[in-house]
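Trainee: What follows is a protein structure lacking sequence information:
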């Protein structure tokens, strides 16, 4: 019995995606601004959405904003589930 393994030719190898070589690295001051903006209630959501949909934002800012938004949504859902369970145990719900 022979198992199927694809040939290791150039066509089957994964291709590397090259990110723009012209994009600048964010400085420490720019990272500090991003962190401060994302810790101000209300402004964090506005800035994350701005960076996600803006054409002026760098790829780093876009990816950071997407990841942070996913983490915040996941945390909110987990908090709601835990609150529901706790209220059910205590008997308020």
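Mentor: Alright, I've got the coordinates. A quick note: this is a predicted structure, and the numbers were derived from the prediction, not measured.

Trainee: List the contacts of residue 67.
Mentor: The contact partners of residue 67, by C-beta atoms under 8 Å, 6 or more residues apart in numbering, come to none. Where you see a C-beta, it was placed from the backbone N, CA and C, and this is true even at glycine.

Trainee: what's the spacing between the helix or strand encompassing it and its chain's center?
Mentor: If you go by DSSP states H and E, residue 67 is part of helix 59-90. Centroid separation between helix 59-90 and its chain, computed with C-alpha atoms, centre = their mean, to the nearest Å, is 12 Å.

Trainee: Give me the mean pLDDT for that helix.
Mentor: Averaged across helix 59-90, the pLDDT comes to 95.

Trainee: buried residues in stretch 49-64?
Mentor: Judged by neighbour count (16 or more other C-beta atoms under 10 Å), stretch 49-64 contains these buried residues: 51, 52, 57, 58, 60, 61, 62, 64.

Trainee: Serialize the residues you listed to JSON lines and add fields for distance to residue 80.
Mentor: Conversion of those to JSON lines gives the following (distance: C-beta to C-beta, whole Å):
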{"residue": "51", "distance to residue 80": "26"}
{"residue": "52", "distance to residue 80": "23"}
{"residue": "57", "distance to residue 80": "30"}
{"residue": "58", "distance to residue 80": "33"}
{"residue": "60", "distance to residue 80": "31"}
{"residue": "61", "distance to residue 80": "28"}
{"residue": "62", "distance to residue 80": "27"}
{"residue": "64", "distance to residue 80": "25"}
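
Trainee: buried set for the helix holding residue 67?
Mentor: 60, 61, 62, 64, 65, 68, 69.

Trainee: Residue 51 is in contact with the fifth one, correct?
Mentor: Yes. Counting by C-beta atoms under 8 Å, residue 65 sits close enough to residue 51 to count as a contact (4.1 Å).

Trainee: Quick check: the gap between the nearest residue to residue 64 once chain neighbours are set aside and residue 90.
Mentor: Spatial nearest neighbour of residue 64, excluding adjacent residues (C-beta to C-beta, 6 or more residues apart in numbering): residue 34 at 6.8 Å. Per C-beta to C-beta, to the nearest Å, residue 34 is found 39 Å from residue 90.
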